[in-house]
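S.K.: Requesting a structural model of the entry that follows:
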Amino acid sequence: RLLSGEETVVTRDLVLRDGERRPVEIHSNNIRLDEENAVLLYMRDISERLETERTLRRLGRRQEAVLERERERISREVHDVLGQALTAIRMDVSWVRSHIDDERSPDRLDEAGERINETIETVRRIAHELRPGMLDDFGLSAAIEWHANQFANRTGIAVRVAVGDSPSLDRDLSTTVFRVFQELLTNVARHAEASEVDVSLTAPGDNLVLSVRDDGRGMDLSNVTDSGSLGITGVRERLIPWGGRLDLASQPGDGLRADVIVPLTNQHEEVEQ
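M.R.: Okay, the predicted model is just below:
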């Protein structure tokens, strides 16, 4: 590559005389010197840059963790306080219905009871979406299966899930992967015009891999100029603090495959308090 004329950049660890290792970036360029071809090499210490990147990842995780704790708190409030209040109202309506003589009243009270029941179910759904108890109680694999089932019931899109027991994961990493999964299924419902979705969760080597593939209309990825409209930007931003990435593969008429790859070696980095 040096002889090709291309600029070359490589990263290596430089071992100093005292044995300390320093990450450096080595640049090479072909230049003309005294009318002859020459190669210019220079090194740059990137220790501070790498430490800054690690700090930003930790801060990103911390921010996401704080947001998730707030969702968890709101979920408890919605489920416990509002849910209990509605249940009490339902019991009151039932009591009134059994103690009133107006012939028209039972029908009106039945209607009120049905509306209360619908509201209770809505409260439960919102509480689960804010913080699914399945994720805390049974782990990521069970939560993915549960959400896939909920999604299929709600949209009519068939979802096939192949997940094994996920490895021991940091609580915040499990939450991030689950939120990404939710967003990917939301994209399927909004944009794909699909009838089937295949989901898999595996852990080959030191990576966690979540794959979501639909049989929808697909797209020409080279012509996608506004990835934010597909929620892709938000997904990638969630993965950055964990060193993860989102790979997309699609052709028009051939569905879309989204692969989420997260290195498990990064999950135990200390989160700044």
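S.K.: Quick one: the strands in this structure, in order.
M.R.: Per DSSP state E, the chain carries strands over the ranges 8-15, 21-33, 36-45, 158-163, 196-202, 207-214, 245-250, 256-263.
S.K.: now the angle from the longest helix seen in the chain to strand 21-33?
M.R.: Ranked by residue count, the top helix of the chain under DSSP state H comes out as helix 47-76. Angle of helix 47-76 versus strand 21-33, following axes from the mean of the first three to the mean of the last three C-alpha atoms, to 10 degrees, is 130 degrees.
S.K.: follow-up on the earlier one: and of the strands of the chain, who's closest to Ala142?
M.R.: Evaluated over the strands of the chain, closeness to Ala142 peaks at strand 158-163, with 8.5 Å, by C-beta to C-beta. All C-beta spots, glycine's among them, are computed from the backbone N, C-alpha and C.
S.K.: CA atoms only for that closest one, dumped as CSV, please.
M.R.: C-alpha atoms of strand 158-163 as CSV (Å, rounded to 0.1, in the frame of the first residue of the first chain):
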residue,chain,number,x,y,z
ALA,A,158,-46.4,-13.4,12.2
VAL,A,159,-43.2,-13.5,14.2
ARG,A,160,-40.9,-16.5,14.5
VAL,A,161,-38.4,-16.3,17.4
ALA,A,162,-35.3,-18.4,17.8
VAL,A,163,-33.5,-17.5,21.1
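S.K.: other SSEs contacting that strand?
M.R.: helix 140-155, strand 196-202 (3 or more C-beta pairs under 8 Å, 6 or more residues apart in numbering; DSSP states H and E).
S.K.: Need these in CSV (columns: mean pLDDT, distance to Ile120 and mean neighbour count).
M.R.: Rendered in CSV, the data for the helices and strands packed on strand 158-163 read as follows (pLDDT from 0 to 100; distance: least, C-beta to C-beta, whole Å; neighbours: other C-beta atoms under 10 Å):
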stretch, mean pLDDT, distance to Ile120, mean neighbour count
helix 140-155, 92, 17, 18
strand 196-202, 96, 29, 19
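S.K.: So which of those is nearest Glu183?
M.R.: helix 140-155 (11.2 Å).
S.K.: bridging residues for Leu41?
M.R.: Ser28 (DSSP bridges).
S.K.: and the gap between it and Arg49?
M.R.: Computed as C-beta to C-beta, to the nearest Å, the Leu41 to Arg49 distance reads 19 Å.
S.K.: again with Ile261
M.R.: 23 Å.
S.K.: Identify, out of the strands of the chain, the most deeply packed stretch.
M.R.: Of all the strands of the chain, strand 207-214 has the most neighbours on average by mean count of other C-beta atoms under 10 Å, namely a mean of 21.
S.K.: Show me what that strand pairs with in its sheet, parallel or antiparallel.
M.R.: Assessed with DSSP bridges, strand 207-214 is paired to strand 196-202 (antiparallel), strand 256-263 (antiparallel).
S.K.: How far off centre is the longest one?
M.R.: Here the centre of mass of C-alpha atoms in strand 256-263, compared against the chain's by C-alpha atoms, centre = their mean, to the nearest Å, lies 10 Å away.
S.K.: now that strand against strand 245-250, angle please.
M.R.: Between strand 256-263 and strand 245-250, the angle comes out at 160 degrees (the same axes, to 10 degrees).
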